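Undergrad: structure, please.
(2 chains)
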Protein chains: 2
Amino acid sequence: MLDAAERWALRRALEIAADPAVPLGPNPRVGCVLLSPAGEVLAEGHHRGAGTAHAEADALARARTDGVTTSVTGATAVVTLEPCAHRGRTGPCADALLEAGIGRVVIARQDPNPVATGGIERLREAGIEVDLDVPEELAAAAETLNRGWEHGLQHARPLVTAKIALTLDGRAAAADGTSQWITGPAAREEVHLLRTTCDAVLVGTGTARADDPTLTARRPEGALYPRQPLRAVMGTSTAPSLPDIDGAGEQVRLLTHDPSAALELLFDRGIRHVLVEGGPIVTAAFLRAGLVDELIVHLAPTLLGAGRPAVEDLSITTLANRLDLDLVDVVMLPSPGGATDLRLLLRPRRRTA
Amino acid sequence: MLDAAERWALRRALEIAADPAVPLGPNPRVGCVLLSPAGEVLAEGHHRGAGTAHAEADALARARTDGVTTSVTGATAVVTLEPCAHRGRTGPCADALLEAGIGRVVIARQDPNPVATGGIERLREAGIEVDLDVPEELAAAAETLNRGWEHGLQHARPLVTAKIALTLDGRAAAADGTSQWITGPAAREEVHLLRTTCDAVLVGTGTARADDPTLTARRPEGALYPRQPLRAVMGTSTAPSLPDIDGAGEQVRLLTHDPSAALELLFDRGIRHVLVEGGPIVTAAFLRAGLVDELIVHLAPTLLGAGRPAVEDLSITTLANRLDLDLVDVVMLPSPGGATDLRLLLRPRRRTA
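TA: Here you go, the predicted model:
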């Protein structure tokens, strides 16, 4: 059980771990706060990407250099992820905590990485008190923080979120092709937040041609977020380059129609979470291949009666073969002075044959 | 302000007013509870349709005949609708209350009928205390109780609720025409509840031909609800008769394509609330004509990628001409062991030209 100072410290560790200056991808985001036995903050640290110090080492180094040297003997280390027990580009964090004289370690999430795990055991063998009993909401936040990374470890492919925006009658555009904007400002703002929390955004060549999208993550007033996704265009048809924008993510062309091949190319580049933004053919291809982990639907309370469907052919001809999803969450997205859209979060149901 | 006994009595009056044995249509549903000055129930009454006693007269008659004659002098009459002040097939209720010596009258809703109104004034002129300050939730229930009837008074046409069931991608059937069932048991149960609270259910000839629908209101175990809607089939194409079912509502054929003409025919038959259940062409015709007052969408978390759209052509070719609706309410409808559908309640937005 955590005391109030430790709960606060864990919240803070989660906050600094999520530093938007830290790249996503094949390294977990980790935060660490060192507390004195009286519950005062001695130092904070976080991981800043491949080749940099781990969060624990970063915090210990800061305790040594922040003005005067702060003693960490008997201190509590509050960390968002189990300290590693392996020697990679940096030494094992479990050993570093032991050597520094840390007396207690609070851990929000166990390391699912088979290479790195073992830190808890090592600490406990050395007689250190290890506490995993963190509040549910903070444990969930620690899981969410690295869900792309964890997914990559378990499935050897990126986590895939598909996003579609459509009318009540399933249209993504009117008969003449007009589609801006089906949804209101609140839903569109969400898309930009999604982009800045994914490693890559992917569209098909058709969307690249038709919409000339920037695929950047922008704040409502137009400025770019500090963290921008890789911008991927998938398909073998010709398509123009995406607009060249200062501060936008790198662009990459994936010369394949196969969602599985596209994900492999992205995974090899270190991408662990992909946002598939359409068009309807690409989204259908990912759904058909069973490669969508979650579907976000922005549903606008409007009807068109005709126009481009938001999801193209899924090779389904009869109701029994439909693609069922589990509805996880529904949120109303009111826009000031405008319509209230809905955001649905769904997960394709795995078929039990 | 009502006391606790009066609040209870008003709830009870609303309950008895909604007696499912009472036909809907061109007469309001009204309930009345008579309370002694000590808050004890002296008698209850309700209106049972055209030509029968009004609720107040019914309650007074019961006070006189329930075993021994009960004195109602100084009693409080709690009524769901303003007592009438006009002489129709029965005498004015306001006068009946006065003559009986009632001391106080609680009224949940004022009568919007210009012919019948004036009861409050008559009672107050006679020195009776009239209290209209009822809890909001009970006032809303009194309004809902007769919304078809009130709509008819205001607009000289029935209230129209359109109901559609569709997939996330706007399909009402798969490519081969299969459509049973897109939604789960919870949503389908709601449809039957809707039918038993409407005066009429309307479908097009296409649906009558394709689905052979019974258009009855059934309980989950299959038994018919006591109140069954009129069953209307609209259109000029040939269509078979609806199945002949014991206890089902009367069937009527409306030989027109024009929603306005269809509503006029139904209104003349005393229908005040119509449930339009499709198909997609009929629903689109009502929407296009601006004759849908509320739209209920049962949205199933499933994808088909192809198949019959739930709403056919609305003569909209560009996004700017879309038919916007206001999202009023969203409810999750979980079915045990099955999917969770969504029910959306929407109201078409009136265009401000």
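Undergrad: give me the contact list for stretch A:215-233.
TA: Contacts of stretch A:215-233 with the rest of the structure, by CB atoms under 8 Å, 6 or more residues apart in numbering or on different chains, involve A:20-24, A:185, A:189, A:192-193, A:195-205, A:208, A:239, A:242, A:245, A:247-254, A:262, A:266, A:269, A:271, A:274-275, A:277. Heads up, the C-betas are built off the backbone N, CA and C, glycines and all.
Undergrad: for that stretch, buried residues please.
TA: Neighbour-count burial for stretch A:215-233, counted by 16 or more other CB atoms under 10 Å in any protein chain shown, picks out A:215-218, A:224-225, A:227-233.
Undergrad: of those, closest to residue A:41?
TA: residue A:227 (26.1 Å; CB to CB).
Undergrad: just the helices from the stretch 251-353 of chain A, written as ranges.
TA: Secondary structure of the stretch 251-353 of chain A (DSSP state H, counting those that start in this stretch): helices at A:259-268, A:280-288.
Undergrad: equivalent analysis for the stretch 1-150 of chain A, please.
TA: A:4-17, A:55-65, A:93-100, A:119-125, A:136-145, A:147-155.
Undergrad: tell me which residues in the first one are buried?
TA: It refers to helix A:4-17. Here helix A:4-17 shows A:5-14, A:16-17 as buried, counting by 16+ other CB under 10 Å.
Undergrad: equivalent analysis for the last one, please.
TA: Neighbour-count burial for helix A:147-155, counted by 16+ other CB under 10 Å, picks out A:147-153.
Undergrad: same thing with the second one?
TA: For helix A:55-65, the buried set under the neighbour-count rule, 16+ other CB under 10 Å, comprises A:55-60, A:62-63.
Undergrad: need these in JSON lines (columns: pLDDT and distance to residue A:289).
TA: Listed next are the buried residues of helix A:55-65 as JSON lines, based on pLDDT from 0 to 100; distance: CB to CB, whole Å:
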{"residue": "A:55", "pLDDT": "93", "distance to residue A:289": "36"}
{"residue": "A:56", "pLDDT": "93", "distance to residue A:289": "40"}
{"residue": "A:57", "pLDDT": "92", "distance to residue A:289": "41"}
{"residue": "A:58", "pLDDT": "93", "distance to residue A:289": "40"}
{"residue": "A:59", "pLDDT": "94", "distance to residue A:289": "43"}
{"residue": "A:60", "pLDDT": "93", "distance to residue A:289": "46"}
{"residue": "A:62", "pLDDT": "90", "distance to residue A:289": "46"}
{"residue": "A:63", "pLDDT": "88", "distance to residue A:289": "49"}
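Undergrad: output these as a markdown table; include the columns distance to chain B.
TA: Formatted as a markdown table, the buried residues of helix A:55-65 follow (distance: CB to the nearest CB, whole Å):
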| residue | distance to chain B |
| --- | --- |
| A:55 | 39 |
| A:56 | 42 |
| A:57 | 46 |
| A:58 | 44 |
| A:59 | 43 |
| A:60 | 48 |
| A:62 | 47 |
| A:63 | 49 |
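Undergrad: relative to residue B:41, which of those residues is nearest.
TA: residue A:55 (70.7 Å).
Undergrad: I'd like to know how far the closest one sits from residue A:108.
TA: 12 Å (CB to CB, to the nearest Å).
Undergrad: which residues are in contact with each of those two?
TA: Counting by CB under 8 Å, 6+ apart, the contacts common to residue A:55 and residue A:108 are A:13, A:79-81.
Undergrad: now name the helix or strand holding residue A:240.
TA: Using DSSP states H and E, residue A:240 falls within no helix or strand.
Undergrad: report the contact partners of it.
TA: A:208-209, A:212.
Undergrad: up against chain B, what does the stretch 101-250 of chain A have?
TA: Proximity of the stretch 101-250 of chain A to chain B, by CB under 8 Å from any CB of the partner chain, involves residues A:166-171, A:173-176, A:178-180, A:182.
Undergrad: 10 Å - rerun?
TA: Within the stretch 101-250 of chain A, the positions adjacent to chain B are A:164, A:166-182 by CB under 10 Å from any CB of the partner chain.
Undergrad: PyMOL command for the buried members of the residues you listed?
TA: The PyMOL command for the buried members of these (criterion: 16+ other CB under 10 Å) is given here:
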select buried, chain A and resi 164+166+167+168+169+170+171+172+173+174+175+178+179+182
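Undergrad: looking at the residues of the stretch 101-250 of chain A next to chain B, which are in strands?
TA: Per DSSP state E, strands hold the following members of those: A:164, A:166-167.
Undergrad: just put the residues you listed in a markdown table and tack on distance to residue B:315 and pLDDT.
TA: As requested, those are exported to a markdown table (distance: CB to CB, whole Å; pLDDT from 0 to 100):
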| residue | distance to residue B:315 | pLDDT |
| --- | --- | --- |
| A:164 | 25 | 96 |
| A:166 | 20 | 95 |
| A:167 | 15 | 96 |
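Undergrad: so which of those residues comes closest to residue B:342?
TA: Using CB to CB, those come closest to residue B:342 at residue A:166, 14.0 Å.
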